[in-house]
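S.K.: turn this into a structure:
(one chain, ligands or ions: 1)
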Amino acid sequence: MSKLLQVDNVEKVYDSEGLPTQALAGISFDVLEGEFLGIMGPSGSGKTTLLNCIATIIKPTSGQILLEGESISAFNSKNLAAYRGNRIGYLFQDFELLDNLTGRENIMLPLSIHGESVATAEKKITEIANYLNITDVLDKFPAQMSGGQKQRVAAARSLVPEPAIILADEPTGALDTRSARTLMEKLKGINEEKGRNILMVTHDANAASFCSRILFIQDGVIFHELRYQENESREAFYDRILQVMAQLGGGSANVL
Ligand SMILES: Nc1ncnc2c1ncn2[C@@H]1O[C@H](COP(=O)(O)OP(=O)(O)OP(=O)(O)O)[C@@H](O)[C@H]1O
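M.R.: Numbering: from 1, shown residues only. Modelled structure (predicted):
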């Protein structure tokens, strides 16, 4: 499998009011084509900092990040806009849907920005809405949807421009157990059936058990790695995740 994303010796030191905090301490890993990679670790271990560096929301202090072999820090403003707009997709805990737009309009938003024709956009939306079971909420506003429906609309919005990788930060964090499970099953399906790449930060062992590989970080470096074994049950993988979490401390282990 080829390397989709390369994180090479990335260090991030925050300097707030002269008090330096090392959030990432020279972290290195690759995301391979077709992976659903989970990032876990205790609170303050650097997970969001890592995701924000990949999303170009913040700049690493040193080291480099490459997408499909290209260094994202070397992008000019045009390439950077294209990278943020359609090579990476985002899925966050708090949905971030626009309240005054319907589900369909929210999903349509990135397509309109990229100048997609209405007919093509409609076709893509119909397909993804069917897959995520949100067809009946497409004409509703976010306030008229359940949390799970909102998050699946947000997932559709992040998937529809077909980015090279989806960056998900605690996507199940605001969902009840059933909705969290549905979302994870759908994300796993999209990864396996449609070959979409996902990098997901989570505290939740259940959500992580849908990943193909998990990196555990502590103090800004990789502490451990787990790989889903072929023919392994999700429950067995979940148990292995819990064992590592017990060594690390922190995190939640609610059964989905
Ligand atoms: N803007 C900032 N300025 C200064 N320090 C920061 C800033 N953002 C994060 N930090 C510090 O960097 C470290 C890593 O934070 P980060 O948010 O990446 O951790 P995390 O693993 O995502 O935590 P959590 O699971 O609680 O969200 C922490 O010590 C945190 O206090």
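
S.K.: distance of the spatially closest residue to residue 247 that is not a sequence neighbour relative to the ligand?
M.R.: In space, residue 247 comes closest to residue 224 once its chain neighbours are excluded; the distance is 7.8 Å by Cβ to Cβ, 6 or more residues apart in numbering. Yep, even glycine has a C-beta here, placed from its N, CA and C like the rest. Spatial separation of residue 224 from the ligand under the definition Cβ to the nearest ligand atom, to the nearest Å is 15 Å.

S.K.: OK, contacts around residue 224?
M.R.: Under the criterion of Cβ atoms under 8 Å, 6 or more residues apart in numbering, the contact list for residue 224 reads 215, 216, 244, 247, 248.

S.K.: buried subset of the residues you listed?
M.R.: Judged by neighbour count, with 16 or more other Cβ atoms under 10 Å as the criterion, the buried members of those are 215, 216, 244, 248.

S.K.: the residue in the stretch 151-256 of the chain that the ligand sits nearest to and residue 66, how far apart?
M.R.: Ranking the residues of the stretch 151-256 of the chain by distance to the ligand (Cβ to the nearest ligand atom) places residue 203 first, at 6.2 Å. Distance, residue 203 to residue 66, using Cβ to Cβ, to the nearest Å: 28 Å.

S.K.: tell me which residues touch residue 167, please.
M.R.: When the contact criterion is Cβ under 8 Å, 6+ apart, the partners of residue 167 are 51, 54, 55, 88, 89, 90, 91, 199.

S.K.: pull the most distant pair out of those.
M.R.: In terms of Cβ to Cβ, those reach their longest pairwise distance at 54 and 91, which sit 13.4 Å apart.

S.K.: show me what the residue nearest to residue 247 is bridged to.
M.R.: When bridges are assigned using DSSP bridges, the partners listed for residue 224 are residue 216.

S.K.: near the ligand, which residues of this protein?
M.R.: Of all the residues in the chain, those in contact range of the ligand (Cβ under 6 Å from any ligand atom) are 14, 16, 21, 23, 41, 43, 44, 45, 46, 47, 48, 49.

S.K.: tally of neighbours for residue 195?
M.R.: Neighbours of residue 195 under the rule other Cβ atoms under 10 Å: 9.
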